[in-house]
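Chemist: Structure for this input, please:
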Amino acid sequence: MPEPVKLPLSERAQRLPPSGIRKFFDLIQSMDNVISLGVGEPDFPTPWRIREAAIYALERGLTHYTSNYGLPELRDGIAQYLGERYGVSYSTGDEILVTVGVSEGLDLAMRAVLDPGDEVIVPEPAYVSYVPCVILAGGVPVPVKTVAENGFRVSAAEIEAKITAKTKVLMLNFPNNPTGAVMDRAGLTEVAEVASRHNLLVIADEVYDRLVYDHVHTCFASLPGMRERTILLGGFSKDFAMTGWRVGYAAAPRAVLEAMMKVHQYTMLCAPTPSQFAALAALTLEDEEVEAMVTEYDHRRRLVVKGLNDIGLACFEPRGAFYAFPSIAATGLSSDEFTERLLKQEQVAVVPGSAFGDAGEGYVRCCYAVSTIEIDEALNRMARFVKG
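Modeler: So this is what the prediction gives:
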């Protein structure tokens, strides 16, 4: 046998750990009768009006490239949406970029603003892509631990304590994945004052902005003085049940957006054209259509939180997104051990909290964007597992 060829790989890529979520998804594929509370996507079909818009675009042959910035009418719609809903105004010509989901927007933002060694403050537990995107852009992630006792919110003082001469960016994600935490306007205003005082750029991932319960979402860019130092990331995947369509957007001051667009035009060119027409139709949906999904998520949220607490897994009450983040401390298992044993013994898939940073250890993420029948059965199986 010839010696295997040792291929030159980038040091950054080799430093990246594999996704803590993917490991368990791979296991699921080889098993039967699995109830998955792992995948973070709506179980609702994309509303018909949205699907119809994409079909009509295909029928008309609208399948060619759009502008790098995206369809002008979609950018107009996004600007109108942000203006009417949050009172923040953007120029559609050079301050809004249509991206291939929020994930691409995040990658573009990091690559557009970071130089090697720049520090990015990341409150944790955090979505699995944040730290890798910082590293791939040459930056240095600086975690800030949040805790259930404080509702997994991050305070201005905790952020300020992590700021150094190398700090350039603050990453925010509220409503939060994986915890379901939200922050009120007063808390975000205090954070904004720190960002302003230390001249930080803020990347605000607000893809779950419509999925809130007993809470009014505050758009970070709408706070005084924040529009000019915020990259606002939003999308259609969660609010409109459009995960597979891959459409998101970034709204930012023109100098920042132009830098992001340069990276976008060389690596992605544009978001899929039929998907952009679908996203445009999503912006015309009546609020009642989105609220119907939110109402159902709220019902499931209460069912999951009560069920987890009843079986001895203390669960903070999430007030946004569609995730519960219960503590598994009572079991004496690590989050990886708990997740793997639960999957193998009871065929229930959840995500280990450690996938979301060190602050997530001792917890697991349960997505309740599944039917109540599946939730009930999953809770029964988890109860059996916890009792041993």
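
Chemist: distance of Glu119 from Ile231?
Modeler: Going from Glu119 to Ile231 by C-beta to C-beta, to the nearest Å gives 16 Å. Quick note: C-beta positions are derived from backbone N, CA and C, even for glycine.

Chemist: For those two, work out which one has more neighbours and name it.
Modeler: For Glu119 versus Ile231, neighbours defined as other C-beta atoms under 10 Å are more numerous around Ile231 (28 against 20).

Chemist: Name the strands paired with the strand or helix carrying that one and say parallel or antiparallel.
Modeler: Here Ile231 sits within strand 230-235, counting by DSSP states H and E. When pairing is defined by DSSP bridges, strand 230-235 lines up against strand 201-205 (parallel), strand 248-251 (antiparallel).

Chemist: ok, and what's touching the last one?
Modeler: So the one you mean is strand 248-251. 70, 75, 78-79, 82, 88, 90, 95-105, 108-109, 207, 221, 231-237, 257, 260, 271 (C-beta atoms under 8 Å, 6 or more residues apart in numbering).

Chemist: Next: the longest one.
Modeler: Contact partners of strand 201-205, identified using C-beta under 8 Å, 6+ apart, comprise 102, 106, 109-110, 113, 127, 168-173, 192, 195, 219-221, 226, 229-233, 256.

Chemist: hmm, try it at 7 Å
Modeler: Strand 201-205 is touched from outside by 102, 106, 109, 113, 168-173, 195, 220-221, 226, 229-233, with contacts defined as C-beta atoms under 7 Å, 6 or more residues apart in numbering.

Chemist: One more: stretch 293-309?
Modeler: Applying C-beta under 7 Å, 6+ apart, the set of residues contacting stretch 293-309 is 42, 44, 210-211, 213, 241, 315, 317-318, 322, 324, 326, 366, 368-369, 372, 375, 379.

Chemist: mind listing what's buried in it?
Modeler: By 16 or more other C-beta atoms under 10 Å, the buried positions in stretch 293-309 come out as 293-294, 296-298, 300-301, 303-305, 307-308.

Chemist: related to what we said a few turns ago, would you mind checking the contacts of strand 201-205 for buried ones?
Modeler: Looks like the contacts of strand 201-205 have 102, 106, 109, 113, 168-173, 195, 220-221, 226, 229-233 buried, using 16+ other C-beta under 10 Å.

Chemist: Looking at these, which are in strands?
Modeler: 168-172, 230-233 (DSSP state E).

Chemist: helix, strand or coil for Glu291?
Modeler: In three-state terms, and counting by DSSP: H, G, I helix; E, B strand; the rest coil, Glu291 is helix.

Chemist: ok, now how distant is it from Arg301?
Modeler: 15 Å.

Chemist: Over to Leu108?
Modeler: 32 Å.

Chemist: what do you get for Ala54?
Modeler: In terms of C-beta to C-beta, Ala54 sits 30 Å off from Arg301.

Chemist: do the same with Leu283
Modeler: Taking C-beta to C-beta, one finds Leu283 at 26 Å from Arg301.

Chemist: how many other residues sit next to Ile50?
Modeler: Neighbour count of Ile50, defined by other C-beta under 10 Å: 26.

Chemist: Okay, buried residues for stretch 125-145 please.
Modeler: 125-137, 139-144.

Chemist: In helices, which of these appear?
Modeler: Mapping the buried residues of stretch 125-145 onto helices (DSSP state H) picks out 130-136.

Chemist: Tell me the one among those residues nearest to Pro17.
Modeler: Pro132 (8.3 Å; C-beta to C-beta).

Chemist: For burial, what's the neighbour tally of the closest residue to that closest one other than its chain neighbours?
Modeler: Leaving aside its chain neighbours, Pro132 sits nearest to Leu16 (5.3 Å; criterion: C-beta to C-beta, 6 or more residues apart in numbering). By the criterion of other C-beta under 10 Å, Leu16 has 12 neighbours.

Chemist: Leu16 and Val131: what is the separation?
Modeler: According to C-beta to C-beta, Leu16 and Val131 sit 9 Å apart.

Chemist: got it, and Lys344?
Modeler: Lys344 is 28 Å from Val131, by C-beta to C-beta.

Chemist: what about the closest residue in space to Thr218 that isn't next to it in sequence, how many neighbours?
Modeler: Using C-beta to C-beta, 6+ apart and skipping residues adjacent in sequence, the residue nearest Thr218 is Arg185, 4.4 Å away. By other C-beta under 10 Å, the residues close to Arg185 number 15.

Chemist: Heading C-terminal from whichever strand or helix holds Lys306, find the next helix or strand.
Modeler: Element membership for Lys306 (DSSP H and E) is helix 287-310. Per DSSP H and E, helix 287-310 leads on to strand 323-324 as the next helix or strand towards the C-terminus.

Chemist: now for that following strand, which elements pack on it?
Modeler: Under the contact criterion of 3 or more C-beta pairs under 7 Å, 6 or more residues apart in numbering; DSSP states H and E, strand 323-324 touches helix 287-310, strand 364-367.

Chemist: where are the low-confidence patches of this structure?
Modeler: Applying pLDDT under 70 to the chain picks out residues 1, 20-25, 27.

Chemist: so Pro143 touches Gly357, yeah?
Modeler: Yes - the pair formed by Pro143 and Gly357 meets the contact definition of C-beta atoms under 7 Å, at 5.8 Å.

Chemist: Residues that sit against both of the two, list them.
Modeler: Common neighbours of Pro143 and Gly357 are listed as Glu124 (criterion: C-beta under 7 Å, 6+ apart).

Chemist: what's near enough to touch Gln276?
Modeler: Gln276 neighbours (C-beta under 7 Å, 6+ apart): 66, 70-71, 74, 98, 247.

Chemist: Sitting in helices, which of the residues you listed do you find?
Modeler: Members of the contacts of Gln276 lying in helices (criterion: DSSP H): Leu74.

Chemist: now the contacts of Gln276 in a markdown table, with neighbour count and distance to Phe152?
Modeler: Formatted as a markdown table, the contacts of Gln276 follow (neighbours: other C-beta atoms under 10 Å; distance: C-beta to C-beta, whole Å):
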| residue | neighbour count | distance to Phe152 |
| --- | --- | --- |
| Thr66 | 19 | 38 |
| Gly70 | 25 | 33 |
| Leu71 | 19 | 37 |
| Leu74 | 26 | 33 |
| Val98 | 26 | 31 |
| Val247 | 26 | 28 |
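
Chemist: Alright, that wraps it up for me.
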